[in-house]
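Participant: Below: sequence and its predicted model.
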Amino acid sequence: MVATKTAMGEEQFKIHQVNEYPTPQSIPRPPSTYEPKPQVALADLMAKSYVKIVARAVYLKTTERQDELGTKVIFSGILEDATFKMPFVSHKLNIPWQRDTVYKFDNAYVHEFPDRSLLLVITEFTDWQLKIVDGYLEYQQYVWRPKIDKIKRPVQNISLTGTITTIHNNSGLVKRCNSCKSLLYEDACPNKCDNGWGWDLRVSSRLYDGSGSIKMILTKDVASRILQRNLSELILLATQSKLTPETYSDNRFLSSSIYQIRIPETVDVIEAVTESPSSYRKSDKLIVSDGRNLVFIAPNEQHYFVEFSNRSLSSAELEDKKIIRRLIEKAIDIKIRNQTGKGMLQGIYLLEEPLKLYRCEKASLYLGFSLNVYIKQKPEGDSVTTSVESTPQAYVRESVLDYIRMRRENGATANGLIKHLVNSRNKVIVAPSGNFVSIVDVITRKPSNQTISETDNRNLVQFWHDVYDIDISPDEMPLLKVKMINSEQTFTYPPSMVFFGNESLVISAGLQKFIDDKKANLKFKMDNVVQEALNDLHIGEAKLEFEGDKVESNNIQTVLLQEIKEKLYGKEVKATGSIIFVHDELWFFPNQLQFYYSKQSQVDPF
């Protein structure tokens, strides 16, 4: 379904550029009796209605049209206020149009296109007058500074600034159906077309600007400029079964390993219902939640539930497969922790202690590997396998606690630091998941005095030790309230477990080379740790057995996805393009992308 949405969205993007304005005779006449109308903001306009607005002309164009009486001049352009901007067309010739001038319109008609974008039509029934704007502050009432959470309709030529917080795995070099243009999954068209397929290049991501997030699709032209590779070059590499440093210039990405594990038809577990699943989470217990109020426990784990039942999870059922995948992830997590003595941090399993970096504020280098678990049905039969993919990673991170201590040593005041964290440097990464969040409040309280929730009486120190096997200081301050991206939920974190990423730090060329060299040496150690963790893996009595040997994931699709993630994930960008509806969801299709650097004024355009 997602593949179909994407294909339709990219096709709609092209159609959206050639929408034709409605003819005057297709527009209904206004009511014959005059009724006073309240002034409406552009963001609140209703389709197929006559409205009263005040807006600023930001773009103007004159064109000629032919009708039954000959040639006719019309004006078109874009109007804007503090809430939105939208195109307009004017059939009146007596309006003294001028850029950056504010106009009042009464009885202007709102036309809606099939893609739900709007057009303001100024007809012969529309009354107009110039509005005198008194000073800079009043002028700002007619300047739109777009925020993602306020955008409710399609809009063209919009610029958004934010952080790329997600790179979806269906990015990079993809196979697209020749008939319906959907993405192929496991070499099959989701619409069962049989007209073959072709290669395409794209990046599917999410952009977060502090107010909300939107799905962002970088089409072939933009993705090629970012990667500095054209599609024909990548197609040539796709014909090779294996990449080498000679055929692919950047060998930093030739490093993933994939293991296949066969799953039994059924996996026996204990199922229990609880109002607070988080209170039962333990770092050393094979217990997972369905994300709501059910928890699933391996039969050999000790538990204290009064009401529970035995259940067999079927590897053929979609919902059961999700639980099985979480159980496998947790079982591998436990074995890796037991083996290395280190858990997950920054979304990776650490292989070494963090290294303090020289002349990079108080940042450290975190060396380890990411682990992804996928479950898929084999096309030749009913057997189900799990793919476990491990990839070396090297991240530069600076904890908010270290940053606060550095600023305090330099004389920063408490109020100044709090305002800076909430208003300026508020996009951060939380441990252990490595997800991006936004700081919304700073709490001057110690973690030993902060309880988790009304149903979980543990304080933050106990919670982090029990759930993540991470010891935090009971005296570190202040606590940070963060809002999850794509959600209105907020959580309280200790400052030592909240981090600034690469986008907030200046990394020199020499330091980057040092990081790349350290990362290149992780592969051998990573393979040993993962193979040992997967050896003799069980969920209760169910044994998960190896199927085949380790596969070096160095085909162009996997390698290119890693390169895209390294170049884009977590980066601050300014993107300019169009927003359209794709199956009732707004998607952003930029035609230009610029990288921003927090400590440098220049931008790199793509």
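Facilitator: Yep, it's here.

Participant: for the stretch 501-606 of the chain, what spans make up the strands?
Facilitator: 537-539, 542-546, 551-553, 572-582, 585-596, 603-605 (DSSP state E, counting those that start in this stretch).

Participant: Minimum distance to Ser364: which of these has it?
Facilitator: Of all these, strand 572-582 sits nearest to Ser364, with 20.9 Å by C-beta to C-beta. Where you see a C-beta, it was placed from the backbone N, CA and C, and this is true even at glycine.

Participant: Sort out which residues of the closest one are buried, please.
Facilitator: Judged by neighbour count using 16 or more other C-beta atoms under 10 Å, the buried positions of strand 572-582 are 572-582.

Participant: now, the most widely separated pair of the residues you listed?
Facilitator: Glu572 and Phe581 (26.7 Å).

Participant: Listing request: residues of the stretch 351-500 of the chain with sub-threshold pLDDT.
Facilitator: 377-383 (pLDDT under 70).

Participant: try 50
Facilitator: 380 (pLDDT under 50).

Participant: Have a look at this protein and report its longest helix.
Facilitator: Counting by DSSP state H, the longest helix found in the chain is helix 318-340.

Participant: between it and strand 542-546, what angle do the directions make?
Facilitator: Relative orientation of helix 318-340 versus strand 542-546 (axes from the mean of the first three to the mean of the last three C-alpha atoms, to 10 degrees): 70 degrees.

Participant: Show me the strands paired with the next helix or strand after helix 318-340, marking each as parallel or antiparallel.
Facilitator: Following helix 318-340 in sequence order, the next helix or strand is strand 344-345 (DSSP states H and E). Its sheet considered, strand 344-345 pairs with strand 348-350 (antiparallel) by DSSP bridges.

Participant: thinking again about what came up before, comparing the strands of the stretch 501-606 of the chain, which comes out most buried?
Facilitator: Highest mean neighbour count among the strands of the stretch 501-606 of the chain (mean count of other C-beta atoms under 10 Å): strand 572-582, with a mean of 21.

Participant: what's the offset of that strand from the middle of its chain?
Facilitator: 13 Å (C-alpha atoms, centre = their mean, to the nearest Å).

Participant: what angle sits between it and strand 585-596?
Facilitator: Using the same axes, to 10 degrees: strand 572-582 against strand 585-596 is 160 degrees.

Participant: Walk me through which strands strand 572-582 pairs with, and which way each runs.
Facilitator: Going by DSSP bridges, the partners of strand 572-582 are strand 155-167 (antiparallel), strand 585-596 (antiparallel).

Participant: Format the ones you listed as CSV; extra columns: mean pLDDT and distance to Ala542.
Facilitator: CSV is the format used below for the strands paired with strand 572-582 (pLDDT from 0 to 100; distance: least, C-beta to C-beta, whole Å):
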stretch, mean pLDDT, distance to Ala542
strand 155-167, 90, 32
strand 585-596, 90, 38
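
Participant: Which of these sits closest to Ile235?
Facilitator: Nearest of those (C-beta to C-beta): strand 155-167, 21.4 Å.

Participant: Send me the next helix or strand after that closest one as PDB with only the CA atoms.
Facilitator: Once the chain leaves strand 155-167, the next helix or strand it forms, by DSSP H and E, is strand 172-177. This file holds the C-alpha atoms of strand 172-177, laid out as PDB (Å, rounded to 0.1, in the frame of the first residue of the first chain):
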ATOM      1  CA  GLY A 172      17.900   4.500  -2.600                       C
ATOM      2  CA  LEU A 173      17.900   2.500  -5.800                       C
ATOM      3  CA  VAL A 174      14.400   0.900  -6.000                       C
ATOM      4  CA  LYS A 175      12.500  -1.200  -8.500                       C
ATOM      5  CA  ARG A 176       9.300   0.500  -9.900                       C
ATOM      6  CA  CYS A 177       6.500  -1.200 -11.800                       C
END
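
Participant: Quick one: mean pLDDT for strand 172-177?
Facilitator: The pLDDT scores in strand 172-177 average 85.

Participant: from the chain's centre, how far out does it sit?
Facilitator: Using C-alpha atoms, centre = their mean, the offset of strand 172-177 from its chain centre is 20 Å.

Participant: any residues touching that strand, and which ones?
Facilitator: 7, 182-184, 187, 189, 191, 193, 195-203, 234-235, 238, 556-557, 560-561, 564 (C-beta atoms under 8 Å, 6 or more residues apart in numbering).

Participant: Any of these buried? List them.
Facilitator: For the contacts of strand 172-177, buried by 16+ other C-beta under 10 Å: 7, 182-184, 189, 193, 197, 199-203, 234, 238, 556-557, 560-561, 564.

Participant: count of residues packed around Arg408?
Facilitator: 12 (other C-beta atoms under 10 Å).

Participant: That one - nearest residue in space that isn't next to it in sequence?
Facilitator: What sits nearest to Arg408 in space, not counting adjacent residues and going by C-beta to C-beta, 6 or more residues apart in numbering, is Leu417, at 7.4 Å.

Participant: now for the strands paired with strand 572-582, which one comes closest to Lys519?
Facilitator: Closest among the strands paired with strand 572-582, once you apply C-beta to C-beta, is strand 155-167, at 18.2 Å.

Participant: In contact with the most far-flung residue of the chain relative to its centre, which residues?
Facilitator: The C-alpha centroid of the chain is most remote from Leu69, which lies 52.8 Å away (C-alpha atoms, centre = their mean). Neighbour list for Leu69: empty [criterion: C-beta under 8 Å, 6+ apart].
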